[in-house]
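**Student:** Generate coordinates for the sequence data below:
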Amino acid sequence: MAQRSFRAQQLQQLGEDPPEAEPDAARSEIHMALQAAARSALRDIDAALRRIRRGNYGRCPTCGDALSVERLRAVPMTSHCERCQRAAANAAAAAPKRRTAADTPSRHPREEGASHDD
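**Tutor:** The predicted structure is shown next:
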């Protein structure tokens, strides 16, 4: 619960928007990364608390095996055993990267000085 309180307080301190006192793009990017990490950790903690309430904390949802005590001590909010976590990571690494619009170059780059009326 202390970890959850810490992450909730961290998110509150960071606020939802990067402070305007930090116009530097790198600082803004760091600020947003910290927010994302805190939100992710909070989701993981809440999910672990739900598993405790349901009575399935410490069991891998993929294979059903019990998670090792060492693993739970190291990362209490973990949900998968090492074998299944490694398999998921390997599958994600082997999967082709999905391209987004930001990754795809424009088919019709606008020429400098061109207007929409042409």
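
**Student:** hey, which helix or strand in the chain has the poorest pLDDT?
**Tutor:** The helix or strand of the chain with the poorest confidence is helix 2-14; it has a mean of 73 (mean pLDDT, DSSP states H and E).

**Student:** That helix: how far from the chain's middle?
**Tutor:** 16 Å (C-alpha atoms, centre = their mean, to the nearest Å).

**Student:** What of stretch 46-65?
**Tutor:** The chain centroid and the centroid of stretch 46-65 are separated by 19 Å under C-alpha atoms, centre = their mean.

**Student:** The residue nearest the centre of the chain: what secondary structure?
**Tutor:** Against the mean C-alpha coordinate of the chain, by C-alpha atoms, centre = their mean, the closest residue is S40 at 4.7 Å. Assigned with DSSP: H, G, I helix; E, B strand; the rest coil, S40 falls in the helix class.

**Student:** tell me the contacts of E82?
**Tutor:** Contact analysis of E82 by C-beta atoms under 8 Å, 6 or more residues apart in numbering lists S68, R71. Backbone N, C-alpha and C define where each C-beta goes, glycine included.

**Student:** give me that answer again for 10 Å
**Tutor:** C60, D65, L67, S68, E70, R71 (C-beta atoms under 10 Å, 6 or more residues apart in numbering).

**Student:** Check the residues you listed for burial and list the buried ones.
**Tutor:** For the contacts of E82, a burial check counting by 16 or more other C-beta atoms under 10 Å picks out C60, L67, R71.

**Student:** tell me the pLDDT at the last one?
**Tutor:** Spelled out, that is R71. At R71, the model reports a pLDDT of 95.

**Student:** Outline the domain layout of this protein.
**Tutor:** Listed by automatic domain parsing, the domain ranges of the chain are 1-56, 58-95.

**Student:** No more questions from me, cheers.
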